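**Q** sequence and predicted structure, then a few things I'm wondering about:
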Amino acid sequence: MTTWTEFTVAELRERAGDDAFQSAGQGIADMDGPHEDDWSLYSTITLDDGQELETILHHRAGKPLSGDCTCPQAHGGAFCTHLIWVGLAHLGLNTPPSAALDAETTPASELRPWLTTLPQDQLIELIIEAAGTDRGYRRRLFLQACQPNHQ
Ligand SMILES: [Zn+2]
């Protein structure tokens, strides 16, 4: 886990503005990347018309997101839709941007109706997966497991 590289969907939206955010992913036929180094994500984006764009998204901890792209939009100083798409792809959210934002901001309790439909073994897998990626959650879960069973 490299949590120090993380940024949020909300930050991408704030940086780019809602109009650009909502159009992210449109017109993109293919993407090579993102390839990462410590603070940057490099991607080559192929547009529907075959044009290729080189993008670099910088996400240094404690600094605002920034980036470069070879499109005209970015050349004019904008945080373009391509940079947003690279960011979303890095977060594993290659979905319509509004869905990506919902996934980040909707209260977890709204998952309850869906969770009640899942079989127990699938629920157990989901909890183990969460415990494997969140150290705090894992600690609390293990402490609960060690306590006397009051049921
Ligand atoms: Zn661009």
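**A** In hand now; what should we look at? What you are looking at is a predicted structure, and each value in this text was computed from that prediction instead of being measured.

**Q** shaky segments in this protein?
**A** Across the chain, the ranges flagged by pLDDT under 70 are 1-5, 149-151.

**Q** and the next element down the chain from the helix or strand harbouring A130?
**A** Assigned by DSSP states H and E, A130 belongs to helix 120-133. Heading C-terminal from helix 120-133, the first helix or strand you meet, by DSSP H and E, is helix 135-146.

**Q** buried residues in that next one?
**A** Within helix 135-146, no residue counts as buried by 16 or more other Cβ atoms under 10 Å. The C-beta positions use only the backbone N, C-alpha and C, and glycine is treated the same way.

**Q** could you list the contact residues of this protein toward the ion?
**A** Counting by Cβ under 5 Å from the ion, the residues of the chain close to the ion are 69, 71, 74, 80, 82.

**Q** please list all residues in contact with P34.
**A** By Cβ atoms under 8 Å, 6 or more residues apart in numbering, the contact list for P34 reads 41-43, 57, 86, 89-90.

**Q** for those residues, which one is nearest E129?
**A** Closest approach between the contacts of P34 and E129, by Cβ to Cβ: H90, at 19.5 Å.
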